[in-house]
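*Asks:* fold the following and give me the result.
(one chain, ligands or ions: 4)
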Amino acid sequence: MGEVLLKEMECPVCMQYMVPPIKLCTNGHNICRKCRERVQLCPTCRAKFSEIRNVVLENIARSQNYPCANRQSGCLEVFSIEHIAEHQAVCVCGKIKCPFKLNKNCSWDGFKSDLKEHAKAAHTAYLFELSSFHSSLFEDRIMNLFSCFGELFVQYKRIRDGRLYCAVQLIGTSSEASKYKCAFTLRAANGIEQISNTLFVRSYSEDFETISNSGKCLCLDEAVIRHYFEENKLNLTVTLSTV
Ligand SMILES: [Zn+2]
Ligand SMILES: [Zn+2]
Ligand SMILES: [Zn+2]
Ligand SMILES: [Zn+2]
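*Replies:* Numbering: from 1, shown residues only. Ligands and ions are numbered 1, 2, ... in the order given. A predicted model of the protein is given here:
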């Protein structure tokens, strides 16, 4: 795609490439879907928005490949409009935010290749070089980082409205994440009863709320979970493996 056209595809507010539906203001300026939900008036001319969509631009958006925003830093990959944002969230040439931003307010951002070193220095108690682990804390906002298969995985646990949510995400795209599965096994103290649930690993480019709201993670009622406690600890094993 030419530079001029690429520029036209950028949202005037967030500067990201616009993904359909692309709405117009009454004077014909474009805005991306996410920014349209956040602003009342057109940021370019202060006019109101209409419900009219820029169908021509939407068709162009769907038919083109977009270069990664990190091409100055050496990423030469191109993606369709549906996949560009996801790639950029985990691109090895771009900066990513430390996962511990979510529960420890860590403000580190840097290259994906430096995250493990950062975690060693700053979150060593939560970094494990294993593919199978015991996850016994029954507390809200517990995060662990796992280094295995040459990749980094984030495990995050939340307890909300009497339910436990637990997801494992690869610091990578969803197509990379779909190469891994994770088995959650809860064992009761009697050594007989157990619950097993095997799910695909999710991508770190998806946020935890979206994953937990769509049921694509372990999700169990606290009443059920309590049956699998041993000395006040959750008897949960998480095992990562390739598909
Ligand atoms: Zn925007
Ligand atoms: Zn306008
Ligand atoms: Zn890239
Ligand atoms: Zn950090």
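*Asks:* how far does stretch 11-23 sit from the chain's center?
*Replies:* Its chain's C-alpha centre and that of stretch 11-23 lie 20 Å apart, by Cα atoms, centre = their mean, to the nearest Å.
*Asks:* buried ones in that stretch?
*Replies:* 11, 13, 16-20, 22-23 (16 or more other Cβ atoms under 10 Å). Placement of C-beta: from N, CA and C, glycine included.
*Asks:* and the two most separated of the residues you listed?
*Replies:* 13 and 20 (16.5 Å; Cβ to Cβ).
*Asks:* okay, now the sheet partners of the longest strand seen in the chain, with direction.
*Replies:* The residue-count maximum for a strand in the chain (DSSP state E) belongs to strand 151-160. Using DSSP bridges, strand 151-160 pairs in its sheet with strand 142-148 (antiparallel), strand 163-170 (antiparallel).
*Asks:* can it be found next to ligand 4?
*Replies:* No: using Cβ under 5 Å from the ion, we find that strand 151-160 stays clear of ligand 4, coming within 11.4 Å at best.
*Asks:* tell me the contacts of the residue most central in space within the chain?
*Replies:* Closest residue to the average C-alpha location of the chain: residue 206 at 2.4 Å, with Cα atoms, centre = their mean. Contact analysis of residue 206 by Cβ atoms under 8 Å, 6 or more residues apart in numbering lists 169, 174.
*Asks:* just confirm it is within a strand.
*Replies:* No: Residue 206 is assigned coil when assessed by DSSP: H, G, I helix; E, B strand; the rest coil, not a strand.
*Asks:* separation between it and residue 144?
*Replies:* Distance, residue 206 to residue 144, by Cβ to Cβ, to the nearest Å: 18 Å.
*Asks:* in stretch 208-215, what's buried?
*Replies:* Here stretch 208-215 shows 208, 211-212 as buried, counting by 16+ other Cβ under 10 Å.
*Asks:* can you name the residues in contact with that stretch?
*Replies:* Contacts with stretch 208-215, where a contact means Cβ under 8 Å, 6+ apart, come from 102, 156, 158, 160, 165, 167, 169, 202, 217, 219.
*Asks:* just how off-centre is that stretch within its chain?
*Replies:* Chain-centre distance of stretch 208-215: 10 Å, with Cα atoms, centre = their mean.
*Asks:* going forward, begin numbering at 41 instead of 1
*Replies:* Shifting the count to begin at 41 puts that one at stretch 248-255.
*Asks:* so how many other residues sit close to residue 174?
*Replies:* Residue 174 has 12 neighbours, counted by other Cβ atoms under 10 Å.
*Asks:* apologies, that question was intended for residue 274.
*Replies:* For residue 274, the count of nearby residues is 20 (other Cβ under 10 Å).
*Asks:* just the strands paired with strand 191-200: most buried one?
*Replies:* Highest mean neighbour count among the strands paired with strand 191-200 (mean count of other Cβ atoms under 10 Å): strand 203-210, with a mean of 22.
*Asks:* helix or strand right after that strand?
*Replies:* Using DSSP states H and E, the helix or strand that follows strand 203-210 in sequence is helix 214-217.
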